[in-house]
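A.B. asks: mind folding the following:
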Amino acid sequence: MELFKHFKDFKMDVLKEVGNIGAGNAATALSQLLNKPIDMAVPKVQLLSFEEITEKVGGAENLVYAVFLRVEGEAPGNLFFILTPEAAMSLLSRVAGIEISGGEELSEMELSALNEIGNILAGSYLSSLADFTSLSMYPTVPALAMDMAGAILGYGLLQFGQMGDDALLIDTTFLEGQDEIEGQFFLIPDPESFPKIFKSLGVPFEDD
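C.D. replies: Residues are numbered from 1 along each chain as shown. Reported below is the predicted structural model:
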């Protein structure tokens, strides 16, 4: 049974609104943290199969930075905020105003800042989804890693067992002058969580 069969166009609009509000809340929170205006583009929202996630980040062997956390509450799942190394460095230097120390890997301070940005994004998007669905959803303390995309997703599987077959993707784009810095936010609900989310939005999970 494919997830795509169960979402009408207007229900996708609801999820797009979740992305819009989450991005707005994240921009406000980051502006307060960094004490400067933060601009974010209207996010693109998609529903993907689990197998398509690694394709979206350039393949299983592509090196990425990822903020990973567990979503707990009434609709538990796994959450990843994924950036290429180039995007991570641009985000820190151009958006956060942090002078990058140089080299191929980030320093402890730079990793901490990136982790906090991912944490703010996660909290903003989850709060928006929780408000729309009236479901309790809250993040655990995030962890940050640099590794191949396939290994990072595999870590989630090892830590928490089988993840759901479908994911909600919110393309997150920071705007700095004429440049765009792109990251990707994946929410992968546990198998039993998507029916709860559907029901809360008034969409039966079974075929009509």
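A.B. asks: middle-most residue in the protein, spatially?
C.D. replies: Phe185 (1.9 Å; C-alpha atoms, centre = their mean).
A.B. asks: buried residues in stretch 134-146?
C.D. replies: Within stretch 134-146, the residues scored as buried using 16 or more other C-beta atoms under 10 Å are 135, 137-139, 142, 144, 146. C-beta coordinates here come from the backbone N, C-alpha and C atoms, glycine included.
A.B. asks: now those in CSV, with secondary structure, distance to Leu15 and pLDDT?
C.D. replies: Converted to CSV, those look like this (DSSP: H, G, I helix; E, B strand; the rest coil; distance: C-beta to C-beta, whole Å; pLDDT from 0 to 100):
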residue, secondary structure, distance to Leu15, pLDDT
Leu135, coil, 14, 93
Met137, strand, 14, 92
Tyr138, strand, 19, 89
Pro139, strand, 18, 89
Pro142, coil, 23, 91
Leu144, strand, 26, 92
Met146, strand, 29, 92
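A.B. asks: number of residues surrounding Val95?
C.D. replies: Counted with other C-beta atoms under 10 Å, the neighbours of Val95 add up to 20.
A.B. asks: I'd say it and Ile181 touch.
C.D. replies: Yes - applying C-beta atoms under 8 Å, one finds Val95 in contact with Ile181, separated by 6.5 Å.
A.B. asks: what touches both of these two?
C.D. replies: Jointly contacting Val95 and Ile181 under the rule C-beta atoms under 8 Å, 6 or more residues apart in numbering are Phe174.
A.B. asks: for the chain, which segments count as helices?
C.D. replies: 9-34, 50-56, 85-90, 108-133, 149-160, 193-200 (DSSP state H).
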